[in-house]
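>>> Here is the input, now give the coordinates:
(one chain, ligands or ions: 1)
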Amino acid sequence: VNRRQFLSATTGALCASQSIRADASRPNIVLIYADDLGYGDLGCYGSRLRTPNIDRLAAEGARFTSFCSASSVCSPARAGLLTGRYPARVGVPGVYGPDDPGGLPVHEITLAQMLRAHGYRTGHVGKWHLGSRAPHLPNNFGFHFFYGLPYSHDMHPRSLMLNGEVIDQQAAAGQMTQRFTTEAVQFIERNVERPFFLYLPYTAPHVPLTVSPRFRKRSPFGAYGDTMEEFDWGVGEVARTIDEAGLGPNTLFLITSDNGPWYQGRSGSLKGRKGESYEGGFRVPMIARMPGRIPAGLVQNGFASALDLLPTIGSLTGAPLPPAKLDGVDITPMLTGEAVQVDRPPFLYFDYYNLQCARIGSHKLHLTRYNTRAWSPVPAAGKMNLPLPRPELYDMDDDPGEAYDLGETQTELVADLRAQVESHLIEFPAHIDWIYRETMARAVEPTDPGALPIVKN
Ligand code: MG
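Next comes the predicted model:
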């Protein structure tokens, strides 16, 4: 290569990179996904835990107060997030264990595949939990780069992987946030010259609640507080890398969680926790920052869900959407503050293949419920999903704590909402509607609203 050829090639590369950097139509996407972070666990959502970096990002962008995950547990929530489709529809109804041979079906198209086909560099750093064996690992679903765990960090062996190869057979649980943050920062630094998608599903604050030495015993709120402070530090490092590279205005920065809090942590004033279809299981924080596009300090009270992120990112980037039936809708007008709500079909709360609740407008309808508590220490041999003696109805604007059932008096509204849900369910794979109808045909004893249903003997 002579000097002239070199200069010519370099100039060409510079021009190309400048045109990409100036290409606001393909903003970078940074999606930070916390694990079991409750609705009430961030400072900007009313917590006393110290999360100054996340609070600052919320102040610089939008904070959603009525944003639901696609599930109240890990694997299905991730399937919904990455496909824009209900996990029950996709076929990821429950959580994968380390020995499960299955995973996200290979024909599903993820956010990473959508953006990669649109010229993005795609990286996954953190916890996958959509299958731990080929062909279900992230590199098969559109990620150029994968560094992280195949499943939760309370599962064993805790195998840290790099692009499908195990690089640490028994990674220290307390090092996860440090390692993921380092890799995330390096991924951004490697890709500042082109559009990129960084998916960063941290293991925090899921159990085990262990942190690196510098964060030990720092919080007045115990191990959970320490874990949250380190998580907040990691978010801050990633945001600082984006901002120092001058990428802030051209980066959609998202922070949300897969489900509500488990044994520790707080769901705010919401009812229920991880593994339940009350709001405390499904409703999670969601922060979106993109200076110039998303107004600073916006508090968005309209309903939205994690299923909406794929179609919304498609809209913001111009990436063609996957051809499969999507359950999410484009919420760009809610991000920009132009609208409080967009048209959407009923939002359905599934546990496994069981439809339990639906959100329509400001109302939430409870139709079925398990006859046992989630995570009951007593072996639930007779665990069944049962219909409620009559549907319960809650007004989510006036009563987000699902404390005051209106179903007894608002019978016409209940019948109308139920009909909407049932006609929507017909469009699902046949077994889902079949399971619902089978459940609704079961006989139950009369019980009070809010009680666990009891099968009639
Ligand atoms: Mg989780």
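
>>> In the lengthiest helix in the chain, which of the residues would be classed as buried?
As assigned by DSSP state H, the longest helix anywhere in the chain is helix 222-244. Judged by neighbour count (16 or more other C-beta atoms under 10 Å), helix 222-244 contains these buried residues: 223-239, 241-242. Where you see a C-beta, it was placed from the backbone N, CA and C, and this is true even at glycine.

>>> C-terminal to it, which secondary structure element comes first?
Using DSSP states H and E, the helix or strand that follows helix 222-244 in sequence is strand 251-257.

>>> check whether that following strand contacts the ion.
No - shown here: strand 251-257 not in contact with the ion (C-beta under 5 Å from the ion), separated by at least 7.4 Å.

>>> From the contact counts, what lies against that strand?
In terms of contacts (3 or more C-beta pairs under 8 Å, 6 or more residues apart in numbering; DSSP states H and E), strand 251-257 is packed against strand 28-34, helix 52-60, helix 222-244, strand 283-289, helix 309-317.

>>> Can you name every helix or strand that whatever helix or strand comes next after the fourth one contacts?
Translated: strand 283-289. Counting by DSSP H and E, the next helix or strand C-terminal to strand 283-289 is strand 298-300. Applying 3+ C-beta pairs under 8 Å, 6+ apart, one finds that strand 298-300 contacts strand 62-68.

>>> got the contact list for the lengthiest strand in the chain?
Looking across the chain with DSSP state E, the single longest strand is strand 385-395. For strand 385-395, contacts defined as C-beta atoms under 8 Å, 6 or more residues apart in numbering pick out 351-352, 354, 356, 362-371, 402-408, 410, 413-414, 417-418, 439-440, 442, 444-447, 449-450, 453-455.

>>> List buried residues within those.
Buried members of the contacts of strand 385-395, counted by 16+ other C-beta under 10 Å: 351, 354, 356, 363-371, 402, 405-407, 410, 414, 417-418, 439, 444, 449, 453.

>>> Where does the stretch 301-450 of the chain get nearest to the ion, residue-wise?
Among all residues of the stretch 301-450 of the chain, residue 306 sits closest to the ion, at 12.2 Å; criterion: C-beta to the ion.

>>> quick one, phi/psi of that residue?
For residue 306, the backbone dihedrals (degrees, to the nearest 10) come out as phi -60, psi -20.

>>> Surely it and residue 257 touch.
No - between residue 306 and residue 257 there is no contact under C-beta atoms under 8 Å: 9.2 Å.

>>> Next, the angle from the helix or strand that comes right after the longest strand of the chain to strand 385-395.
Beyond strand 385-395 on the C-terminal side, the first helix or strand identified by DSSP H and E is helix 411-425. Between helix 411-425 and strand 385-395, the angle comes out at 120 degrees (axes from the mean of the first three to the mean of the last three C-alpha atoms, to 10 degrees).

>>> what helices or strands is helix 411-425 leaning on?
If you count contacts as 3+ C-beta pairs under 8 Å, 6+ apart, helix 411-425 packs onto strand 347-351, strand 354-360, strand 363-370, strand 385-395, helix 430-440.

>>> quick one: buried residues of the last one?
By that I understand helix 430-440. Using 16+ other C-beta under 10 Å as the test for burial, helix 430-440 gives 432-433, 435-436, 439.

>>> Please list all residues in contact with residue 131.
Contacts of residue 131 by C-beta under 8 Å, 6+ apart are 96, 100, 102-104, 137, 150.

>>> Low-confidence regions, the stretch 251-400 of the chain specifically.
In the predicted model of the stretch 251-400 of the chain, residues 378-380 satisfy pLDDT under 70.

>>> Would you mind listing what in it touches the ion?
258-259.

>>> Number of residues surrounding the closest residue to the ion within the stretch 151-300 of the chain?
Distances between the stretch 151-300 of the chain and the ion by C-beta to the ion are smallest at residue 258, namely 4.1 Å. Close neighbours of residue 258, defined as other C-beta atoms under 10 Å, add up to 28.

>>> Can you verify my assumption that it contacts residue 74?
Yes - counting by C-beta under 8 Å, residue 258 touches residue 74, with 5.5 Å between them.

>>> anything in contact with each of these two?
With C-beta under 8 Å, 6+ apart, residue 258 and residue 74 have common neighbours 35-36.

>>> Any chance of the backbone angles for residue 36?
Main-chain dihedrals, residue 36, degrees, to the nearest 10: phi 70, psi 30.

>>> cool, residue 199 as well?
In terms of degrees, to the nearest 10, the main-chain angles of residue 199 are phi -100, psi 120.

>>> so who does it touch?
31, 33, 82, 111-112, 122-126, 143.

>>> picking that back up, compare neighbour counts for residue 306 and residue 257 and give me the winner.
Taking neighbours as other C-beta under 10 Å, residue 306 and residue 257 compare with residue 257 leading, 29 against 26.
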